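Asker: Fold the following for me, if possible:
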Amino acid sequence: MADQAIQTEDDARAGVAKIPAGFLPLLIALSGLGPMSMQAIMPALPALAAYFQEDISIAQLAISLYLVGLACAQLIVGPLSDRYGRRPVILGGLTLMVLANAAGLFALSLHQVIAARIVQALGASSGLAVGRAMIRDLYDRDRAASMIAVVVGAMMVAPMIGPFLGGILETAYGWRTVFGFLGAISLAILLWAWAALPETRKFQTGQHATGFLRDVRVLIGNPQYHGFVIAQSLAAATFFIFASGGAYVAIVQQHRSSAEYGAWFALGSVAYMAGNLTSARLTPKLGTHRMIWIGLIMQIGGSLLNLLSGLAGLNVSPAWFFGIQVIVSYGNGYCMPNLAAGAVSVRPQAAGTASGVMGFCQMGVGACVSQLGAHLGGDYLTTVPLNLAGLILSLLCAGVVAVLISPYERRRKLAL
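Answerer: Predicted coordinates:
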């Protein structure tokens, strides 16, 4: 109950804070820079391989190792922001982004390009991990979930337009201009953050190491935090497995073009964005816990409907397969921001660490299930295995919420 009292007090303190003017657009830019940097280089991979006379599998490392760096770096930048403050970590990450893009622009070998991409990922991770912590610094848990939903919903535009812009730049001016473009964007956001980004961490930024380590130990030893992290990773996994497997279903099983697959997949992205933005409006009224369950009911219902559609043979049509998945994506837009807000609220003093560990686990699980999704979508003649995997992931997520989160939520309501 002592930890619960700390949680309640922290919620009250965070809820009093006012959002600084222009903070939200800046946070969206910080959070979207990483996904845009990942996606913008994709159309240039064949050109990179041809320019340096390397195999395309080597060029693919510019994406794979970027994801690895993005995941692992969050384990570093999160705790650093708890120990030294949010602003210096963000500014340091953006500086790394500028330098990494300059290195990519003037790279003399494909290995130098890949190394620049790894450093680029280290810088990009600060916006993703620390951004969630900054929101939690300013708001109580329910309001933080609403703000995270707004940021995620808006930043979904970045991965959508990243490949488009990268393709135009590479076609017109060559692959180096992609790094030049990303470097200019990074520099602009760095100058913007330098001028406008506040230090939001209110808890003893200069605390002794023992105090910081105590906060981290309390966080890591809390079963509810484990529940939020595992559930958030499983909720994200429903997206990753469909994203990878859906491509094989559309192109191999349904004999559609890659362009048509992209159009159908965008439908799910729009549904996820709509779920985020709707969640932003409803969470302050209904609360994070209720919103998580509403989202899970939609995820499970949509997954079950897609499985039944597959068993009935209707999923040979992309309209059925992707159309029903819209329900899952929309529900996912309810779950993800509320689970993220719950994770960074268990121990607000260590919100950066909480966010970093959560981001690492989410991307690690996503990488594993992406491989599984490619197998289930590409090695079978029916969508049923992929549909069944999506349903199992949603049910596992609901089980984790029921066992590791809901009991603490009942206790929290009694404490309030």
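Asker: other SSEs contacting the helix or strand residue 393 falls within?
Answerer: Using DSSP states H and E, residue 393 sits in helix 384-400. Secondary-structure packing of helix 384-400 (3 or more C-beta pairs under 8 Å, 6 or more residues apart in numbering; DSSP states H and E): helix 223-248, helix 288-311, helix 318-345, helix 351-378. No exception for glycine: its C-beta is placed from N, CA and C like everyone else's.
Asker: Return the set of buried residues in that helix.
Answerer: Residues of helix 384-400 classed as buried: 384-391, 393-398, 400 (neighbour count, 16 or more other C-beta atoms under 10 Å).
Asker: One more: stretch 362-371?
Answerer: So for stretch 362-371, counting by 16+ other C-beta under 10 Å, buried means 362-363, 365-366, 369-370.
Asker: tell me which of those is nearest to residue 158?
Answerer: residue 363 (16.4 Å; C-beta to C-beta).
Asker: pLDDT score assigned to that closest one?
Answerer: At residue 363, the model reports a pLDDT of 83.
Asker: Tell me who's in contact with it.
Answerer: 67, 70-71, 74 (C-beta atoms under 8 Å, 6 or more residues apart in numbering).
Asker: let's go with 6 Å and repeat that
Answerer: residue 71 (C-beta atoms under 6 Å, 6 or more residues apart in numbering).
Asker: any idea how this protein splits into domains?
Answerer: The chain is divided into the following domains under automatic domain parsing: 18-201, 216-415.
Asker: Please identify the most buried of the helices and strands packed on helix 384-400.
Answerer: Highest mean neighbour count among the helices and strands packed on helix 384-400 (mean count of other C-beta atoms under 10 Å): helix 318-345, with a mean of 25.
Asker: That one - contacts with which helices or strands?
Answerer: In terms of contacts (3 or more C-beta pairs under 6 Å, 6 or more residues apart in numbering; DSSP states H and E), helix 318-345 is packed against helix 110-138, helix 141-155, helix 223-248, helix 258-286, helix 288-311, helix 351-378.
Asker: Kindly recompute the last result at 10 Å.
Answerer: Packed against helix 318-345 by the contact rule (3 or more C-beta pairs under 10 Å, 6 or more residues apart in numbering; DSSP states H and E) you find helix 2-16, helix 110-138, helix 141-155, helix 223-248, helix 258-286, helix 288-311, helix 351-378, helix 384-400.
Asker: So which of the ones you listed is nearest residue 190?
Answerer: With C-beta to C-beta as the measure, helix 110-138 is the member of the helices and strands packed on helix 318-345 nearest residue 190 (9.7 Å).
Asker: and the closest one, what's its mean pLDDT?
Answerer: On average, helix 110-138 scores 90.
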